[in-house]
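# okay, here's the prediction I keep looking at, along with the sequence it came from:
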Amino acid sequence: MSFARAALHLGGLWALAFAQPLFDLLGHNAQFFVAHGSTAGDILLLAFGYALVPPLAGATLVWALSRIRPALGWAAMLVLVALIVAGLVLPPLGDALAGSPFAIAVALAVGAGAAMLYARIDAVRSFATVLSPAPLIVLLLFLVVSPVRGLLFPSEAGGAVAGPARSSTPIVHIVLDELPQSTLATARGRIDAELFPNFARLARTATWYRNATTVDDLTTEAVPAQLTGMRPEQGRIPTTRDHPRSLFTLFERSHALTVVEPITDLCPERLCGDDRPGTADRLESLESDLEVVVQHLLLPEDMRDGLPAIDRVWEGFETQWEVGTGDLRGGSKLRADILARLAADDATAGFERAIASLDARDGARPPLLFLHSTLPHGGWRYLPDGRQYPVEGLEYIGLASQGWIGPQWQVDQGFQRHVLQVQYVDTLLGRLLDALRARGLYDDAVIVVAADHGASFVTGKPRRPATHDNVGAIAPVPLFVKLPGQREGHVDDGAVRTVDVLPTIAAAAGAGVPWRTDGVAASERRVDPGARIDVAHAGEPAVSEPLSYVLAERAEREAVEARLLRAGLYGIGPRPDLLGRRVALSRGARDVDVDPESPVLPSFVAGDAGDLRAGAELAVAVNGRVEATTRVYRDDGRSRYAALVPPESLRAGANAVAVLEVRPGDELRPLR
């Protein structure tokens, strides 16, 4: 078979089975490339490489084998046709057969049948020839018709707006990622000062807009809404081209800008420079995450369960630095490469960069500090002091692509880890507030701390996006505004939206916004329980409910969280009454070596539970004292367990950790 004919036939089939599904997904989610800092060259390399290289490689193989023996080349062509057709039919077959591995066998059989028809029927080969333009059509749709075109032809689409020429007001705008209002607040409507002392400290000198709500449930739309004062629109991507007027352009003449913007790209290059990673790093990150996306796209659902989640704001799906707990429980030292990757983790680098910028600022102009932190969004791995715990791939136990599917106790464990990560955010916020005070900026500054959206922790419901059932967890977000000269805290129950952030900052800095915004200064919002709370998803209408309904749902969640935390954060589990009980560890205990200087603390205990039934109660003892309780769950046919023990329960050096079954009469028996 000729090289040209093989390339045309394989190219058409490949485009239909593999290139079109991926390009269609990415074309509607151009923020994937924004989050990776991809250049036009990166995108073109991906597009042409993915659409053309595999079929050309296949055609080269067919041609080479044909030179040896024509029958070999023909056989290779039929095998490739069978595999591509099998890949084409696998996703619908997986859905039709409930994701059973049987779908793979059926898909291979369908592929073999298609190859047989291709070999025997001229009309089938003619149809493959008709498909041969498909790669070019798919590329055209992806690169020219989809929103990706805005990344291939970047433009700052307008210069500076008529903002103030001078100002004496420092501006600090912090956006946190995936933080529900209910996490910070108690059932009595106060900030939980015991869990989050620095949020409470900020609230004592700021206005807490207790009923603030987001306008979109996706980071890539919710962050631009705060920066522009405009509601998201379908098809816009989070770049300067689509958002030429923002906080940055408004104050570019009057302020010295420090911008930490890891997911969006609204700050013009003339103001913020181009701090993309190197080409090799960008392409490696792109390749790694695309591999995960392709598997999510093409594999049956049950085969996707072990894949990294792809809701991490479209970036870094595999950067969880997972370490097998077997290594830790066995007492061996952590691998050096894992430690090196942890040390290089930049999840907290934004706060460090923000603090450092206060010392290096231009004295002639006040600072404008914008920081979008990807915390406390998962993967959950941080302890309050910044150390991390290894999670053995258990990022979101009980969470599938359609939402939480495990028992509620498993979701509650996820909430526990979420709270720990928020406590670390509280620590980072405290460092920034201290730095502002130490440099004499706090009193005169307008300081805004907000979240982009919330998250739901109820089984049977999606963590996101917003729906009628979870809007009380997604829409309400923390919003604190410390005005210049403000020294006393205040609680405001106005119906504030996140599009009000920019007008609020502008008013506090004595500037007008020279474009029409959808938001207004937060102080202009009135208490209005009947106000409609519209939460969009990717700029499209998602849910609309009265504020009174949203707040009632939030209050219900706050009451649930109060009950969960009644016995303390580490009391979340089936038997908090067993905490503190002394046990003899004559057998079944494992040695865990703890290095207090290590950035990793083995406080996450997980493993196999033998033949115990799902739901069986377990206690985790550290050095002879029960520190946590949990239950057995089933995973891939095995009985498993997972629990967090308090960091303070682990001492430097050797520790004895035992997992015990809770028997009738509260007898504790070590797992076999």
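In hand now; what should we look at? Numbering: from 1, shown residues only.
# which helix or strand contains the residue nearest to Leu45 when sequence neighbours are not counted?
Closest residue in space to Leu45, ignoring its immediate chain neighbours: Leu283 at 7.4 Å, by C-beta to C-beta, 6 or more residues apart in numbering. Any C-beta I mention is one placed from the backbone N, CA and C, and that applies to glycine too. Taking DSSP states H and E as the criterion, Leu283 maps to helix 279-298.
# and that helix, what does it pack onto?
Contact here means 3 or more C-beta pairs under 8 Å, 6 or more residues apart in numbering; DSSP states H and E; on that basis helix 279-298 packs against helix 20-27, helix 31-35, helix 40-68, helix 70-96.
# dump that helix to CSV, restricted to CA.
In CSV, the C-alpha atoms belonging to helix 279-298 read as follows (Å, rounded to 0.1, in the frame of the first residue of the first chain):
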residue,chain,number,x,y,z
THR,A,279,9.5,26.3,26.5
ALA,A,280,10.5,22.8,27.7
ASP,A,281,8.7,23.2,31.0
ARG,A,282,5.5,24.6,29.2
LEU,A,283,5.4,21.7,26.8
GLU,A,284,6.1,19.1,29.4
SER,A,285,3.3,20.4,31.6
LEU,A,286,1.0,20.6,28.6
GLU,A,287,1.8,17.1,27.5
SER,A,288,1.3,15.7,31.0
ASP,A,289,-2.1,17.3,31.5
LEU,A,290,-3.3,16.5,28.0
GLU,A,291,-2.6,12.9,28.6
VAL,A,292,-5.0,13.0,31.5
VAL,A,293,-7.6,14.9,29.6
VAL,A,294,-7.5,12.4,26.7
GLN,A,295,-7.9,9.5,29.1
HIS,A,296,-10.9,11.2,30.8
LEU,A,297,-12.3,11.8,27.3
LEU,A,298,-11.9,8.3,25.8
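# buried stuff in it?
By 16 or more other C-beta atoms under 10 Å, the buried positions in helix 279-298 come out as Arg282, Leu283, Ser285, Leu286, Asp289, Leu290, Val292, Val293, His296, Leu297, Leu298.
# now do it: distance to the chain's middle.
16 Å (C-alpha atoms, centre = their mean, to the nearest Å).
# got the angle for that helix vs helix 20-27?
Interaxial angle of helix 279-298 relative to helix 20-27 (axes from the mean of the first three to the mean of the last three C-alpha atoms, to 10 degrees): 120 degrees.
# now helix 279-298 against helix 70-96, angle please.
Using the same axes, to 10 degrees: helix 279-298 against helix 70-96 is 70 degrees.
# residues touching Gln408, list them.
Taking C-beta atoms under 8 Å, 6 or more residues apart in numbering, we find Gln408 in contact with Val458, Thr459.
# for Pro54, same thing?
Leu10, Trp14, Phe18.
# so the second one makes contact with Pro55?
Meaning Trp14. Yes: counting by C-beta atoms under 8 Å, Trp14 touches Pro55, with 4.5 Å between them.
# what residues are shared contacts of those two?
Pro135.
# on that earlier part again, looking at the helices and strands packed on helix 279-298, which one is packed in the most?
helix 31-35 (a mean of 24; mean count of other C-beta atoms under 10 Å).
# with only the CA atoms kept, save that one in PDB.
In PDB, the C-alpha atoms belonging to helix 31-35 read as follows (Å, rounded to 0.1, in the frame of the first residue of the first chain):
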ATOM      1  CA  GLN A  31      -8.600  28.600  29.500                       C
ATOM      2  CA  PHE A  32      -6.600  25.300  29.500                       C
ATOM      3  CA  PHE A  33      -3.900  27.000  27.500                       C
ATOM      4  CA  VAL A  34      -4.100  30.300  29.500                       C
ATOM      5  CA  ALA A  35      -3.500  28.300  32.700                       C
END
